[in-house]
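J.: model this:
(one chain, ligands or ions: 2)
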Amino acid sequence: MNCPSCAAQGITSDVTIVSRAGSTLAWQPHTDERGLVHEHDPNIYRTTYRCARGHQWLEQTRKPCPLCGEASGLAGPFRRS
Ligand SMILES: [Zn+2]
Ligand SMILES: [Zn+2]
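T.: Ligands and ions are numbered 1, 2, ... in the order given. Okay, here's the model as predicted:
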């Protein structure tokens, strides 16, 4: 994990996690026609990071399904301040 603001300037810095939060939707894995179990977790997990130079940003992710990768790439990182 590198700070995107620092990376844009070609420097690196220590990054710490400020907070983690997530939605708490109830969900169940489902089984497809081949009997394979998919885990399509609809919850969005938010992690706030801060680098040693004071940049702060938020990443929103969903856990991709281990079988088909559903949800991967849905939520990209975006920057705050
Ligand atoms: Zn930074
Ligand atoms: Zn799946």
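J.: just the mean pLDDT for stretch 38-45, thanks.
T.: The average of the pLDDT scores along stretch 38-45 is 92.
J.: CA atoms only for that stretch, dumped as PDB, please.
T.: Taking C-alpha atoms only, stretch 38-45 is exported to PDB below (Å, rounded to 0.1, in the frame of the first residue of the first chain):
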ATOM      1  CA  HIS A  38     -20.800 -18.500  -4.700                       C
ATOM      2  CA  GLU A  39     -20.200 -15.900  -2.100                       C
ATOM      3  CA  HIS A  40     -21.700 -12.600  -3.400                       C
ATOM      4  CA  ASP A  41     -21.300 -10.400  -0.400                       C
ATOM      5  CA  PRO A  42     -23.200  -7.100  -1.100                       C
ATOM      6  CA  ASN A  43     -21.600  -5.200   1.700                       C
ATOM      7  CA  ILE A  44     -19.200  -2.400   0.900                       C
ATOM      8  CA  TYR A  45     -16.200  -2.100   3.200                       C
END
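J.: hmm, who's touching it?
T.: Surrounding stretch 38-45, the residues in contact under the criterion Cβ atoms under 8 Å, 6 or more residues apart in numbering are 20-25, 27, 29-32, 60-63, 65-68, 70-71, 75. Just so you know, the C-beta spots here come from the backbone N, C-alpha and C atoms, and that holds for glycine as well.
J.: from these, list the buried ones, please.
T.: Under a neighbour-count criterion of 16 or more other Cβ atoms under 10 Å, the subset of the contacts of stretch 38-45 counted as buried comprises 61, 62, 63, 65, 71.
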